[in-house]
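> Next come a sequence and a model predicted from it.
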Amino acid sequence: MKKKMEEGLQFLREQKFEEAIEVFTGDLKNHPGDAEIYYNRGNAYYYSADYDRAIEDYTKALEINPRHALAYNNRGNAWAIKCDYDRAIEDFTKSLEIQPKQAWVYNNRAIAWSNKGDAQRALADARKAVGLNPSNTTFQNFLDSLQKKEK
């Protein structure tokens, strides 16, 4: 199994998403209860802009492993792309309940709050992201943009 997983991950790194999906799909035939395979195939679907299938695979990964923080985060990103900010925020929140020091998840949730029109919650999460990772210029720039809107 490890060899197939590595092959699929290599295709992901090379941005060969169809090949990655094919490898992970084949691997699921032999290991249908492996959350990581669903998670990684979900990533391949996500990066190929098939957000509905990505959401399906992240959901399956979470049914198998309900403490998979990255699956919650990535499913949240897919929901956000589909402009379903309530579901995105719910998934980012679950991810943070499992792993509370994920700066990028706070930033993702801040973006979702902002897109939803809740400036105060967006600011709070953006500040938390910067506090956890002060050297990340993307987080800082987003916080700065929120603060300028508040003035």
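On my side now, so go ahead.
> shaky segments in this protein?
1-2 (pLDDT under 70).
> for it, what spans make up the helices?
Remark: helices assigned in the chain by DSSP state H are 2-13, 17-30, 35-47, 51-64, 69-81, 85-98, 103-116, 119-132, 137-150.
> export the ones you listed to TSV and tack on mean neighbour count?
No exception for glycine: its C-beta is placed from N, CA and C like everyone else's. As requested, the helices of the chain are arranged in TSV below (neighbours: other Cβ atoms under 10 Å):
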stretch	mean neighbour count
helix 2-13	15
helix 17-30	17
helix 35-47	23
helix 51-64	20
helix 69-81	23
helix 85-98	20
helix 103-116	22
helix 119-132	19
helix 137-150	14
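> what does the domain assignment say about the chain?
Taking automatic domain parsing as the domain assignment, the ranges for the chain are 1-66, 85-151.
> wait, which of those is closest to residue 78?
Residue 78 lies closest, by Cβ to Cβ, to one member of these: domain 1-66, at 4.5 Å.
> picking that back up, including distance to residue 75, could the domains of the chain go into a markdown table?
Below are the domains of the chain laid out as a markdown table (distance: least, Cβ to Cβ, whole Å):
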| stretch | distance to residue 75 |
| --- | --- |
| domain 1-66 | 4 |
| domain 85-151 | 5 |
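> Residue 73: which of these is closest?
domain 85-151 (4.4 Å).
> what about the closest one, distance to the chain center?
Remark: domain 85-151 is offset 13 Å from the chain centroid, using Cα atoms, centre = their mean, to the nearest Å.
> same question, stretch 22-37
The answer for stretch 22-37 is 20 Å, by Cα atoms, centre = their mean.
> Can you give the contact residues for that stretch?
With contact meaning Cβ atoms under 8 Å, 6 or more residues apart in numbering, stretch 22-37 is reached by 1, 4-5, 7-8, 11, 38, 40-41, 44, 60-62, 64-65, 68, 71.
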